[in-house]
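[1] predicted model and sequence follow; I will ask about them next.
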Amino acid sequence: MKFTLLLCSLLVISCSKKETKEPAQPAAQDDVQIEEIIGSLFSGLSNAYNGAGVNTDSLIDAYYENDVRYVTPWGSTEPLDTTKARLRNAMHHIKDYDHRVEIVQVKSYGDAAYAYFILRQNYQVDGQLLEEYLPTTLVFERRGSGWKIVHAHRSTDYQTIQQYVALQKKRDETK
């Protein structure tokens, strides 16, 4: 009788254990999906800058949550609307845009994830070559079956900042 009571107790305890909720898909699949999102975002920007008629506002809306504040390479933060305006204004000044996404590292945690990568952008701005080296971190949250960027942080190196300064000096001289 004691043995039966012990077995019944163990059975009740094992059945009452709290089940852990499994993610909708394995983390490795989420990581791959996020890498694809990053590739698609920058391909869309490349198409926009190279005259393929891509609306950059719609492109940004497709990938970013609307309340994102973007931390720029020059150390300021801006709301997404400012980022959109900056991209629209740049369209008429940029030619021969090319980019590479390097050293992509993605880690997902259920409904949240981050991606770190180096973005290299090369293009002509008003006829002057700009070669950017931009370490970038994006934070994602799952939205339904997809992901949205909820935080963006970009840094740069000394050489890229020097190029920004030279470009601004040239613009100031032509005014």
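    Arrived safely. Numbering: from 1, shown residues only.

[2] the residue most central in space within the chain: which element?
    Central residue of the chain (C-alpha atoms, centre = their mean): L138, 3.9 Å from the mean position. Element membership for L138 (DSSP states H and E) is strand 128-143.

[3] which residues touch Y123?
    Shown in contact with Y123 (C-beta atoms under 8 Å, 6 or more residues apart in numbering): Y49, I94, K95, D96, Y97, D98, L129, L130. To be clear about C-beta, it is placed using only N, CA and C from the backbone, and glycine gets the same treatment.

[4] beta partners of the residue nearest to K170 when sequence neighbours are not counted?
    Leaving aside its chain neighbours, K170 sits nearest to Q128 (6.4 Å; criterion: C-beta to C-beta, 6 or more residues apart in numbering). Here Q128 sits in beta bridges with V125, going by DSSP bridges.

[5] one step back: by contact count, what packs against the strand holding L138?
    Packed against strand 128-143 by the contact rule (3 or more C-beta pairs under 8 Å, 6 or more residues apart in numbering; DSSP states H and E) you find helix 27-49, strand 112-125, strand 146-154, helix 158-173.

[6] grab the CA positions of it and hand them over as CSV.
    The C-alpha trace of strand 128-143 is given here as CSV (Å, rounded to 0.1, in the frame of the first residue of the first chain):
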residue,chain,number,x,y,z
GLN,A,128,33.4,62.8,-54.0
LEU,A,129,34.1,59.1,-53.0
LEU,A,130,32.9,58.1,-49.6
GLU,A,131,34.0,54.8,-48.1
GLU,A,132,32.3,54.1,-44.9
TYR,A,133,33.2,51.5,-42.2
LEU,A,134,30.2,51.2,-39.9
PRO,A,135,30.0,48.7,-37.0
THR,A,136,26.3,48.2,-36.5
THR,A,137,24.1,46.7,-33.9
LEU,A,138,20.4,46.1,-34.4
VAL,A,139,17.9,44.8,-31.8
PHE,A,140,14.9,43.0,-33.0
GLU,A,141,11.5,41.9,-31.5
ARG,A,142,9.3,39.3,-33.0
ARG,A,143,6.1,40.7,-34.6
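
[7] who's in contact with that strand?
    Applying C-beta under 8 Å, 6+ apart, the contact partners of strand 128-143 are 24, 30, 34, 37-38, 65, 73, 108, 110-124, 147-157, 159-160, 163, 166-167, 170.
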